[in-house]
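fold the following, please.
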Amino acid sequence: MIEVYSWPTPNGHKVHIMLEECGLPYRVHPVDIGSGAQFAPEFLAISPNNKIPAITDPDGPDGEPISLFESGAILLYLAGKTGRFLPAGTAAKYEVLQWLMFQMGGVGPMLGQAHHFRIYAPEKIPYAVDRYTNEAKRLYGVMNKRLARSKYLGGAEYSVADMAVYPWLRSWKNQGIDWNDHPHLRGWFDEIGARPAVQRGCEVLASARKPLVDDKAREALFGSQQYQKR
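Numbering: from 1, shown residues only. Presented below is the predicted three-dimensional model:
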């Protein structure tokens, strides 16, 4: 049984989706990031960067337990464990990996900043709002162009790259996106969203999510609590 320490965010949903797609047994432990649960010593022991998700697998490599943090690393671990959603061929594998890294290095950080400055920042800073909204639109354009000539982001087959990107695009309205500008990406988005395992993965912990509007949540996520020595 894989133990999953998570919360209903895009990074959490990536791993939920992969587990559902693979059919692996897992148990979810909610880490309420709005209450500061990510700073608990027992969570930091497996996720030293105080970010969700993290997993522990008692049946890791060579039968030894393993713990992992960082959603991209977890996706790759689960792909290796199951032999699914990452091609075996070298060229095809790296085609998928480049798009997974595109999500980890671009889509997640930049859309996260768009969310922050458009939705959560205590004051609206026009420069920041414009910068990250425009970057979100640029990234959507990169993906739309890719999907004009490829069925999936990583190539001909559905892969961890698609699972990694999809949850981030569910908040397209908050990112200032007009789907009319990205028809190929919209078709892909609708197809991925119709997959039963994706729907199940996005429902994991969904009922626990709440708006991050109170001072305690803002302090835990954006305030000085993030920077305390632990």
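
residue 202 contacts residue 168, doesn't it?
No. Look at residue 202 against residue 168 with Cβ atoms under 8 Å: they stay out of range, at 11.9 Å. The C-beta positions use only the backbone N, C-alpha and C, and glycine is treated the same way.

okay, these two: which has more neighbours?
Remark: of residue 202 and residue 168, residue 168 carries more neighbours, 23 against 20, as counted by other Cβ atoms under 10 Å.

CA atoms only: put the helix or strand that one falls within into PDB for me.
Per DSSP states H and E: residue 168 is located in helix 160-169. The C-alpha coordinates for helix 160-169 follow below in PDB (Å, rounded to 0.1, in the frame of the first residue of the first chain):
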ATOM      1  CA  VAL A 160       3.000  11.100 -17.400                       C
ATOM      2  CA  ALA A 161       3.600  14.400 -19.300                       C
ATOM      3  CA  ASP A 162      -0.200  14.700 -19.900                       C
ATOM      4  CA  MET A 163      -1.000  13.800 -16.300                       C
ATOM      5  CA  ALA A 164       1.500  16.500 -15.100                       C
ATOM      6  CA  VAL A 165       0.100  19.300 -17.200                       C
ATOM      7  CA  TYR A 166      -3.700  18.700 -17.100                       C
ATOM      8  CA  PRO A 167      -4.300  19.600 -13.400                       C
ATOM      9  CA  TRP A 168      -2.600  23.000 -13.900                       C
ATOM     10  CA  LEU A 169      -4.900  23.900 -16.800                       C
END
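
longest single helix anywhere in the chain?
helix 126-147 (DSSP state H).

for this structure, just list every one of the strands.
With DSSP state E, the ranges of strands along the chain come out as 2-6, 26-30, 54-57, 66-69.

and the first one, which residues are buried?
Of the residues in strand 2-6, those with enough neighbours to count as buried (16 or more other Cβ atoms under 10 Å) are 2, 4, 5, 6.

count of neighbours near the closest residue to the first one other than its chain neighbours?
Okay, so that is residue 2. Once flanking residues are discounted, residue 2 sits nearest to residue 26: 4.2 Å by Cβ to Cβ, 6 or more residues apart in numbering. Burial measure for residue 26: 20 neighbouring residues, criterion other Cβ under 10 Å.

for residue 108, what are its contacts?
Contacts were defined as Cβ atoms under 8 Å, 6 or more residues apart in numbering; by that measure residue 108 touches 10, 11, 168.

okay, now residue 24: neighbour count?
Neighbour tally, residue 24, other Cβ under 10 Å: 16.

how much space separates it from residue 167?
According to Cβ to Cβ, to the nearest Å, residue 24 and residue 167 sit 18 Å apart.

next: residue 178.
Taking Cβ to Cβ as the measure, residue 178 falls 20 Å from residue 167.

quick one, which of those two is more surrounded?
The neighbour count for residue 178 versus residue 167, taken as other Cβ under 10 Å, is higher for residue 167 (25 against 10).

which residues are in contact with the more buried one?
So residue 167 contacts 9, 10, 11, 13, 14, 17, 202 (Cβ under 8 Å, 6+ apart).

mind doing that once more with 10 Å?
Contacts for residue 167 (Cβ atoms under 10 Å, 6 or more residues apart in numbering) come out as 8-17, 71, 103, 108, 192, 198, 201-202.

are any of those residues buried, and which?
Neighbour counting over those (16+ other Cβ under 10 Å) leaves 8-17, 71, 103, 108, 192, 198, 201-202 as the buried ones.
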